[in-house]
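Enquirer: Okay, here's the prediction I keep looking at, along with the sequence it came from:
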Amino acid sequence: MCPERIRPVSRSSSGDARTEFEKDYQRIISSASFRRLQDKTQVFPLDKSDFIRTRLTHSLEVANFARSIGKMIGDRIISEEKDGDFTEYTKEDICSVLECAGLLHDIGNPPFGHFGEDAIRDWFKRNLSDIDYRNGKLIDALTDQQIGDFYHFEGNTQALRVVSKLHFIVDEHGMNLTKALLATIMKYPCSSLEICYDKKDPDADISRKKMGYFAADADVFDSVQEGCGTRGRRHPLAFALEAADDIAYRTADIEDAVKKGLIDTGILMKEIKAASKKAKDGTNRSPEQIQTAEKLLKKLEYYLEKAMAQQYEEPQLYAVQNWVVRVQGVLLTDAVNSFMMHYDDIMSGTYKKELLADMPGSLLLEVLGDVAYRYAFLSEPILKLEVAADAIFDFLLERLVRALRYYDTSEWKVHACAVDEKMVGLLSPSFKQIYKIHSEGKSENDKLYLRLLLATDYVSGMTDSYARRLYRELKGIE
């Protein structure tokens, strides 16, 4: 692991005994960006229920799973003597890195769940070629990579930007986190021009599924890659983080959907049985995957029978909550076993799949994702949220991008109207300061690109409540 930070940091003379990774943890949990996750949708629209997960509670769960995976992997590396230099101290370090990465992994996500990412991408695809700029259109002034950055906008990519630049406290270096931590949250170490992934291709590289950094943050990406020696490949701990995230959201989505009354144990049982039967009739599933799904199906039946026999008030929820814990245990074990099975390839940077791919629990994991999508993601509450979110993003990005086109140029006074000035005035002073620092000495077109990033930085940093309230205020609704 590489504890080096983005830039050298002086050691405290106060006798601080914390490791660099423990300092990372403190920086994260004390940040406003982390606190904002409590008011951002995970899947279901935020309501008064304490049960439904937010981005914050999801991140805490991912952090816990990631640390557990790190501990189990560390124990295996030591017991199997995979690396003579790997000690108990090393194990504790990777646990700390993974715990911090779990807290950070969604810190760049916009409001209103994953639909927020879709809305930002779609807005730029619809409008970059239509909005006037000087003698042409906005799209004409941008490079292919800069255009791709907006067309492929990702919360994961924005997370790197938030923690390395936008979290402005004393300077432009963000939270000043360790390079090992930054490398771990970069699940996709490629630019928007290097995305190349076809899930039907058995040799497809999962690390090229999405982009991992904006052109504006190439300096951070290069520094992290050089410091950790990853050479354009995934950091080994990124695989563990990805598995922790998959386990957390796949199981939590089911639990939350049951609580919301969108699915029940009958639906779950029916779907697992159908998937097992289909797998038996096909050739693309191993006997272990089918057996694991069937064993866990029996566990769900057992928990429901127990709840009914003991006359629990909410037997469906009791059964699913207990069952989810059992499923999580199976999937965590799968993740660790997979890491050790592919240890050499992962450490050399040649492993191309997710840890949970092809493991015994992978069939059930796929069923959980499919059930959540068909019964929950397409439900009325979420569809209403997405329609409302689209209107909010469309309005805010339209006003912001048009206002920022000529901001900080000699043409500002000619083109800017009173509303443009007010929209720019709404932007965070620290965001504008970051823009000025990083735009110094840049070409006019590169400055335009950075101004457009100001719009996505501002919008993606909003909480659900703030975005909704700002939209209503600017529309004169309240």
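Expert: Right, received. Where do you want to start?
Enquirer: same for the host helix or strand of residue 125, what does it pack against?
Expert: Following DSSP states H and E, the helix or strand that holds residue 125 is helix 115-127. The contact analysis (3 or more Cβ pairs under 8 Å, 6 or more residues apart in numbering; DSSP states H and E) places helix 115-127 against helix 144-151, helix 380-404, helix 444-460. Heads up, the C-betas are built off the backbone N, CA and C, glycines and all.
Enquirer: How about residues contacting the helix or strand following that helix?
Expert: Secondary structure here is assigned by DSSP H and E; on that basis, the next helix or strand after helix 115-127 toward the C-terminus is strand 132-133. Residues from elsewhere that reach strand 132-133 (Cβ atoms under 8 Å, 6 or more residues apart in numbering): 138, 140, 141, 405, 448.
Enquirer: Now with 10 Å, please.
Expert: The set of residues external to strand 132-133 that reach it, using Cβ atoms under 10 Å, 6 or more residues apart in numbering, is 138-142, 401-402, 405-406, 411, 415, 445, 448.
Enquirer: Low-confidence ranges, the stretch 351-478 of the chain, go.
Expert: 478 (pLDDT under 70).
Enquirer: can you give me the helices in the stretch 151-300 of the chain?
Expert: Under the criterion DSSP state H, counting those that start in this stretch, the stretch 151-300 of the chain carries helices at the ranges 155-161, 179-185, 218-228, 236-259, 265-281, 287-309.
Enquirer: on that earlier part again, any idea of the angle the helix holding residue 125 forms with helix 380-404?
Expert: Angle, helix 115-127 to helix 380-404, by axes from the mean of the first three to the mean of the last three Cα atoms, to 10 degrees: 50 degrees.
Enquirer: and helix 115-127, average pLDDT?
Expert: Per-region confidence: helix 115-127 scores 96 on mean pLDDT.
Enquirer: now swap in stretch 143-157 and tell me
Expert: Average pLDDT, stretch 143-157: 97.
Enquirer: One more: stretch 319-337?
Expert: Average pLDDT, stretch 319-337: 97.
Enquirer: how about that stretch: buried residues?
Expert: Buried residues in stretch 319-337, defined by neighbour count with 16 or more other Cβ atoms under 10 Å: 319-320, 322-324, 326-328, 330-332, 334-337.
Enquirer: what's the closest of these to residue 157?
Expert: The shortest gap between residue 157 and any of these belongs to residue 335, at 23.8 Å (Cβ to Cβ).
Enquirer: Find the residue closest to the closest one in space, skipping its chain neighbours.
Expert: Nearest residue to residue 335 in three dimensions, chain neighbours excluded: residue 243, at 3.9 Å (Cβ to Cβ, 6 or more residues apart in numbering).
Enquirer: what about the one you found, neighbour count?
Expert: When counting by other Cβ atoms under 10 Å, one arrives at 26 neighbours for residue 243.
Enquirer: That one and residue 412, how far apart?
Expert: Here residue 243 is placed at a distance of 48 Å from residue 412 (Cβ to Cβ, to the nearest Å).
Enquirer: Out of the helices of the stretch 151-300 of the chain, which is the most enclosed?
Expert: Sort the helices of the stretch 151-300 of the chain by mean neighbour count, taking mean count of other Cβ atoms under 10 Å, and helix 179-185 sits at the top with a mean of 28.
Enquirer: List just the one of the helices of the stretch 151-300 of the chain that sits closest to residue 429.
Expert: helix 155-161 (17.6 Å).
Enquirer: Can you give me every residue that contacts the residue nearest to residue 393 when sequence neighbours are not counted?
Expert: Among residues not flanking residue 393 along the chain, residue 119 sits closest, at 4.0 Å (Cβ to Cβ, 6+ apart). Taking Cβ under 10 Å, 6+ apart as the definition of contact, the neighbours of residue 119 are 110-112, 153, 386, 389-394, 396-397, 459.
Enquirer: Tell me which two in these are the farthest apart.
Expert: Maximum pairwise distance among these (Cβ to Cβ): 18.3 Å, between 153 and 391.
Enquirer: These two: which has the busier surroundings?
Expert: Comparing residue 153 with residue 391 by neighbour count (other Cβ under 10 Å), the higher total belongs to residue 153, at 26 against 12.
Enquirer: Does the more buried one touch residue 114 like I think?
Expert: No - in terms of Cβ atoms under 10 Å, residue 153 does not count as a neighbour of residue 114; the distance is 11.6 Å.
Enquirer: picking that back up, save the contacts of residue 119 as TSV, and put in distance to residue 375 too.
Expert: Conversion of the contacts of residue 119 to TSV gives the following (distance: Cβ to Cβ, whole Å):
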residue	distance to residue 375
110	25
111	24
112	20
153	28
386	16
389	21
390	22
391	26
392	26
393	26
394	28
396	31
397	31
459	30
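Enquirer: Restricted to buried residues, select the residues you listed in ChimeraX.
Expert: A single ChimeraX command selects the buried members of the contacts of residue 119 (16+ other Cβ under 10 Å):
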select :110,111,112,153,386,389,390,392,393,394,396,397,459
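Enquirer: Can you tell me which of the contacts of residue 119 lies closest to residue 275?
Expert: The shortest distance between residue 275 and any of the contacts of residue 119, using Cβ to Cβ, involves residue 386 and amounts to 27.0 Å.
Enquirer: just the contacts of strand 132-133 now: which is nearest residue 433?
Expert: Of all these, residue 448 has the smallest distance to residue 433: 18.3 Å, by Cβ to Cβ.
Enquirer: Burial check on the nearest residue to the closest one once chain neighbours are set aside, number of neighbours?
Expert: With Cβ to Cβ, 6+ apart as the criterion, residue 448 has its nearest non-adjacent residue at 5.3 Å, and that residue is residue 141. Residue 141 sits with 22 neighbouring residues when counted by other Cβ under 10 Å.
Enquirer: And residue 209, by the same measure?
Expert: By other Cβ under 10 Å, the residues close to residue 209 number 17.
Enquirer: separation between the residue nearest to it when sequence neighbours are not counted and residue 440?
Expert: The shortest distance from residue 209 to any non-neighbouring residue, by Cβ to Cβ, 6+ apart, is to residue 197 (4.1 Å). From residue 197 across to residue 440, the span is 36 Å (Cβ to Cβ).
Enquirer: Thanks a lot, see you next time.
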